[in-house]
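Undergrad: give me a model of this one.
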Amino acid sequence: MTSAIFYASKGGNTKEVANKISFALDEIRVFDIAVTGSEYISDYKHIVFGISTWHGGEMQKDWKKIWDDFKSIDFEGKTVAIFGLGDQKNYPNEFADAMKYVYDDLIESKATVVGFTSTNGYEFNESKAVVNDKFVGLVIDEVNQPHLTDERIKKWADDIRADILHATS
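TA: Residues are numbered from 1 along each chain as shown. This next block holds a predicted model:
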């Protein structure tokens, strides 16, 4: 396999979204970094990363634990997509910010990042995860918009399918 999803989940929502994305992408392999750390990331050429935003724009604690190792991974030649969870009503000034930390490191490491999405349909004031008027990946708000999750995942999976599921790579 050349494709996998790596995520961390405190309350279970990111895990649930990771599994839904896996199913939408023909059941690609899913790893919980709380269990595996960054150990298997380098083994994959096409990767989806899942991260939630906590405590005023911070990344989830399991991501913090592997961050130094993550930053040392060479992503050149890899195609990567990011999804993130946030709460646009309670944290409108740092909505889905944690995605930007992953994005910045991937860009610095010369990864090809795919899966940018529109900010339409969300109500927030500010987000570090917005670059050139788009989110750096799929944003899910399970607190305020759970009824849109499945539709957003399906559309995003269709958009990134060719990049993440290269049959020849």
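Undergrad: where in the protein is pLDDT low?
TA: For the chain, applying pLDDT under 70 flags the ranges 1, 166-169.
Undergrad: let's see it at 50
TA: Within the chain, the ranges that satisfy pLDDT under 50 run 167-169.
Undergrad: now the helices: where do they sit in it?
TA: Here the chain has its helices, by DSSP state H, at 13-24, 33-36, 61-71, 98-108, 149-164.
Undergrad: just checking, what packs against the last one?
TA: Under the contact criterion of 3 or more C-beta pairs under 8 Å, 6 or more residues apart in numbering; DSSP states H and E, helix 149-164 touches helix 13-24, strand 46-54, strand 79-85, strand 112-114, strand 138-140. All C-beta atoms are positioned from the backbone trio N, CA, C, and that covers glycine.
Undergrad: for the ones you listed, give me JSON lines that also has distance to L165 and mean neighbour count.
TA: Output for those, formatted as JSON lines (distance: least, C-beta to C-beta, whole Å; neighbours: other C-beta atoms under 10 Å):
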{"stretch": "helix 13-24", "distance to L165": "11", "mean neighbour count": "19"}
{"stretch": "strand 46-54", "distance to L165": "7", "mean neighbour count": "26"}
{"stretch": "strand 79-85", "distance to L165": "10", "mean neighbour count": "27"}
{"stretch": "strand 112-114", "distance to L165": "12", "mean neighbour count": "17"}
{"stretch": "strand 138-140", "distance to L165": "16", "mean neighbour count": "27"}
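Undergrad: out of the ones you listed, nearest to D68?
TA: D68 sits nearest to strand 46-54 of all these, at 15.8 Å, using C-beta to C-beta.
Undergrad: tell me which strands the closest one pairs with, and in which orientation.
TA: Sheet pairing of strand 46-54 (DSSP bridges) gives strand 3-7 (parallel), strand 58-59 (antiparallel), strand 79-85 (parallel).
Undergrad: right, and D32 touches G12 too?
TA: No: contact between D32 and G12 fails when scored by C-beta atoms under 8 Å: they sit 11.0 Å apart.
Undergrad: and the two? Which one has more around it.
TA: When D32 and G12 are compared for neighbours, D32 comes out ahead with 17 against 9, by other C-beta atoms under 10 Å.
Undergrad: what pairs with the more buried one across the strands?
TA: Applying DSSP bridges to D32 yields these beta-bridge partners: Y7.
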